[in-house]
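> the following comprises the amino acid sequence and a computationally predicted model.
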Amino acid sequence: MGGFCLLALCGTIFWPLVKHGENTRSGLCLWMALIGYLTISYLLLNRLLNQMLNPEPPLINDSTAPTLMPARNPNSNIYETRRLLDEYLLFHYGQPAEVLPWENGPREALGFPVRTVMELIDLPRTLCEAVALDLGCAVGRSSFELANFGVSVLGIDYSQSFVDAAAALARDGSMEYERVDEGSARTALVAKVPENLRRDRVRFEQGDAMNLRSDLGDYDIVHAANLLCRLTDPLKLIERLPSLVRPGGQLLLTTPCTWLEEFTPRGNWPQGSTREWLTSLLEPHFDLSKTCDMPFLIREHARKYQWSVALGMRWRRKV
């Protein structure tokens, strides 16, 4: 129908030129230009109408899809998938060559779950019999590291499969898993807790960081790595932190400040920078004693990685 209308319009323009003998070279050039303009206009209009009448579904940008940090949607079972569990086991326990086989890769970004403890903790001011809480512990590597600095550590995570895996590692010291190399190619690996760490001091339980049980108690060290910007309402956890950290105790926080609506409603995002937001909320109860930039590397497969830089902060609970 659109093509017929275009031909009729062209005939309307061309016929007077032929009828009156005005089909000179300049007239024909003008006519051809008009035909070209109308043809392009028709094609663009036809495409626009097709898009309006038959919209295509939105594309998912694979580069922004989080591999290790899924949304906390209680109706989704992504936390309980074997694929995600294997990715976390590699992130927490993979040897450098297993995670990054490329010599020119960013090796300083490896070992993030260990570095969030070792680079943030204040060793001279850590009690010999400290008790520690690891919120968002995932499969437990940071929890085991914390056991070097205290008599007991409790790791809490939203995922039951993560908690089960961490508990199995505490019991057995190792666990088999698979690494994605590319496509359907896989490599069998074994996650191992270092022998020098006290597995007997660590226990794990399932829990929601936004709704922690009321009898959780307080701790000398509270560790929460890359958790805040994956909570639906991070303010619920922030408001609970003063009661979780004992006077003089340490709060070890990291966040990549990656605020996304699929995880956190925009209304619950910081209005300015995450650092300023956290400072305004925590300063009434804590003193900031250290900040640092902490790179980390997430492997999707052998030739694709996500490199990010988390904001690391150490806060001391006011006495």
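Thanks, I have the structure now. Since the structure is predicted, the reported quantities are computational estimates derived from the model, not experimental observations.
> wait, doesn't residue 211 sit right on residue 236?
Yes - using Cβ atoms under 8 Å, residue 211 is in contact with residue 236, at 7.2 Å. Any C-beta I mention is one placed from the backbone N, CA and C, and that applies to glycine too.
> comparing those two, which residue is more hemmed in?
The neighbour comparison of residue 211 against residue 236 (other Cβ atoms under 10 Å) goes to residue 236, with 15 against 11.
> measure how buried the spatially closest residue to that one that is not a sequence neighbour is and give me the count.
Nearest non-adjacent residue to residue 236, counting by Cβ to Cβ, 6 or more residues apart in numbering: residue 210, 4.2 Å away. Residues within reach of residue 210, counting by other Cβ under 10 Å, total 16.
> so what pLDDT did residue 210 get?
With respect to pLDDT, residue 210 scores 98.
> next: residue 80.
Here the pLDDT value assigned to residue 80 is 77.
> tell me which element the closest residue in space to it that isn't next to it in sequence is part of?
Spatial nearest neighbour of residue 80, excluding adjacent residues (Cβ to Cβ, 6+ apart): residue 161 at 4.6 Å. Using DSSP states H and E, residue 161 maps to helix 160-172.
> can you give me the angle the helix or strand following that helix makes with helix 160-172?
Using DSSP H and E, the helix or strand that follows helix 160-172 towards the C-terminus is strand 174-182. Relative orientation of strand 174-182 and helix 160-172, computed by axes from the mean of the first three to the mean of the last three Cα atoms, to 10 degrees: 130 degrees.
> strands paired with strand 174-182, and their directions?
Note on strand 174-182: by DSSP bridges, its sheet partners are strand 185-192 (antiparallel).
> the next helix or strand after the strand it pairs with packs against which elements?
Per DSSP H and E, strand 185-192 leads on to strand 202-206 as the next helix or strand towards the C-terminus. If contacts are counted by 3 or more Cβ pairs under 8 Å, 6 or more residues apart in numbering; DSSP states H and E, strand 202-206 sits against helix 141-146, strand 150-157, helix 160-172.
> most tightly packed of these?
helix 141-146 (a mean of 29; mean count of other Cβ atoms under 10 Å).
> which neighbouring elements make contact with it?
So helix 141-146, by 3+ Cβ pairs under 8 Å, 6+ apart, packs with helix 82-93, helix 112-118, strand 130-135, strand 150-157, helix 160-172, strand 202-206, strand 219-225.
> export the shortest one to CSV, keeping only CA atoms.
What follows is strand 202-206 as a C-alpha-only set of coordinates in CSV (Å, rounded to 0.1, in the frame of the first residue of the first chain):
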residue,chain,number,x,y,z
VAL,A,202,34.9,-21.5,61.6
ARG,A,203,31.2,-22.3,61.2
PHE,A,204,28.6,-21.2,58.6
GLU,A,205,24.9,-20.5,58.5
GLN,A,206,22.4,-19.2,55.9
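> can you list the buried residues in that strand?
202, 204 (16 or more other Cβ atoms under 10 Å).
> wait, residue 296 sits on residue 308?
Yes - counting by Cβ under 8 Å, residue 308 is a contact partner of residue 296 at 5.8 Å.
> so for those two, which sits in the more crowded spot?
Using other Cβ under 10 Å, the more surrounded residue of residue 296 and residue 308 is residue 296, with 24 against 16.
> how far does stretch 220-237 sit from the chain's center?
Averaging C-alpha positions (Cα atoms, centre = their mean, to the nearest Å) puts stretch 220-237 13 Å from its chain's average.
> and it, what's buried?
Quick answer for stretch 220-237 (16+ other Cβ under 10 Å): 220-231, 234, 237.
> OK, contacts around residue 292?
Contacts for residue 292 (Cβ atoms under 8 Å, 6 or more residues apart in numbering) come out as 119-120, 312.
> quick one: it from residue 93, how far?
24 Å (Cβ to Cβ, to the nearest Å).
> what's the domain layout of this protein?
Following automatic domain parsing, one finds the domains of the chain at 2-53, 78-317.
> how about low-confidence regions in the stretch 201-319 of the chain?
Under the criterion pLDDT under 70, no range of the stretch 201-319 of the chain is flagged.
> for the closest residue to residue 269 other than its chain neighbours, give me phi and psi.
Distances taken as Cβ to Cβ, 6+ apart place residue 259 nearest to residue 269, at 4.6 Å, with adjacent residues excluded. Here is the backbone geometry of residue 259 (degrees, to the nearest 10): phi -90, psi 120.
> list the residues that contact both of residue 296 and residue 308?
Contacts common to residue 296 and residue 308, judged by Cβ under 8 Å, 6+ apart, are residue 256.
> burial count for the nearest residue to residue 171 once chain neighbours are set aside?
Spatial nearest neighbour of residue 171, excluding adjacent residues (Cβ to Cβ, 6+ apart): residue 199 at 7.7 Å. Residue 199 is flanked by 18 other residues according to other Cβ under 10 Å.
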